[in-house]
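Novice: I'll drop the sequence and a predicted model, then ask my questions.
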Amino acid sequence: MTHVLLLCPARIPSAILCGHAQFEWLGEKGLIEYRWNTSGRVTDKLAFWADVVIFVRSDSDLEVSLAKKLKSAGRYLIYALDDDLLNVPEYINSAEFYNCLKTQKNIREAMEICDCLLSPSVRLLEKYGALFSRTAWVEEPSLAQRGIKRASNGPVRIGFAGSVDRSWDIDELLTGAIGKLLQNYGDRISVEFFGARPTMVDQYGLKHIPYCDSYEEYLRTMKSLDWEIGLAPMPDTEFHACKHYNKFVEYIGYGVVGVYSDVEPYKRVVRNGENGLLCGNTKEEWYAALVRLIEDQNLRETISANCLAEARERFTVEATALELREALGDILSFESERIVIQGIMRLRIYYWCQWILSQCSKYRLKAPIVMIKKLKAKLFD
């Protein structure tokens, strides 16, 4: 039976939704053997065990070195990508890291080493597929706890959930519409932001919930918020068009009625008035779409029911796992020759030394620099 190992820099939502949840289900059904770990904790024994290795958003020297070792030992390598990390706009918080020449070099090199590109974005598969011998599409599952009980009284609850990277475009697209809503509806609505903190939070005195590092805690918090309307603004840019409609998948799992920018990727999946609303990126259209939902409780309830039904039919872990199994095909029957891979622990120590040295230099800590240099010289020189 094929042994599948998923590696990621940390146990981030991208890793959970772009492979882990589906591979774990396949493993539980006895269709593969599956393990996952962070890149910095791989051992010689774990590397020997693996036939197929998935690198999720890998961008470090260590991950490139691991990929080289695994490739030379005959393992089948997959690179999983859910964002266009080689073209991050400067106004996004993580741009400084991803636009660094070293990070870009590592991403490109990791891609070139791997055999297959795995992505939930059709656009990314088209854009980078030529770098690989094969591509495969993966659908993200809805891991929400479905069937939220709606409050019969009180304000209509409106919210946005997402990373801090989204703050800029939320302000650009929604400030005018939200300001007008608050002015005209007052206590009849409540507006909350979970994760991202646009300037309108302080401008209008809105509730903000800090982002959760734990994805399990994130899901529990989402359930407790009990929103009726979900905000999903998206700029009309090439970078954003390469994203997945993961906010749609998330909202429908909770029965939240989403209002989505009428751009890619949402245009691929949102049926206007059936499983959400699409609107143009103007203050007037956002305001009109939100007013329509606030004023029409029956429409909210109908769309919410449609969303829950679609989540249960199309976006379960089982459904997405079976789709992934079909997309990967014979890859999940691949068995390596079990060539022994040695020196991975030394690799890890080497890059730990490199990282500690960089931090010591950054903060001008001379004593640790001397100790680390001695350790590095003893182990590797």
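Specialist: It's in.

Novice: contacts and neighbour counts: CA atoms only from here.
Specialist: Fine.

Novice: residue 329: what secondary structure?
Specialist: helix (DSSP: H, G, I helix; E, B strand; the rest coil).

Novice: kindly report the same for residue 55.
Specialist: Secondary structure, three-state DSSP: residue 55 is strand.

Novice: could you pull up the residues touching it?
Specialist: Going by C-alpha atoms under 8 Å, 6 or more residues apart in numbering, residue 55 touches 6, 7, 8, 63, 77, 78, 79, 80.

Novice: who are the packing partners of the helix or strand hosting the first one?
Specialist: Counting by DSSP states H and E, the secondary-structure element that holds residue 6 is strand 3-8. Where contact means 3 or more C-alpha pairs under 8 Å, 6 or more residues apart in numbering; DSSP states H and E, strand 3-8 is packed against strand 33-38, strand 52-56.

Novice: before we move on, back to that, now the buried members of the contacts of residue 55.
Specialist: 6, 7, 8, 63, 77, 78, 79, 80 (16 or more other C-alpha atoms under 10 Å).

Novice: ok, the strand holding residue 6: who's next to it in the sheet?
Specialist: Its sheet considered, strand 3-8 pairs with strand 33-38 (parallel), strand 52-56 (parallel) by DSSP bridges.

Novice: now the first one: buried residues?
Specialist: For strand 33-38, the neighbour count (16+ other C-alpha under 10 Å) marks 33, 34, 35, 36 as buried.

Novice: how far off centre is the next helix or strand after that strand?
Specialist: Using DSSP H and E, the helix or strand that follows strand 33-38 in sequence is helix 44-49. Here helix 44-49 shows a centroid-to-chain-centroid distance of 27 Å under the convention C-alpha atoms, centre = their mean, to the nearest Å.

Novice: list the buried ones in helix 44-49?
Specialist: Those would be 47, 48, 49, for helix 44-49 by 16+ other C-alpha under 10 Å.

Novice: state the mean pLDDT of it.
Specialist: Across helix 44-49, pLDDT averages out at 90.

Novice: contacting residues for residue 31?
Specialist: Here residue 31 is in contact with residue 1 (C-alpha under 8 Å, 6+ apart).

Novice: now swap in residue 334 and tell me
Specialist: Residue 334 makes contact with 2, 51, 52, 76, according to C-alpha under 8 Å, 6+ apart.
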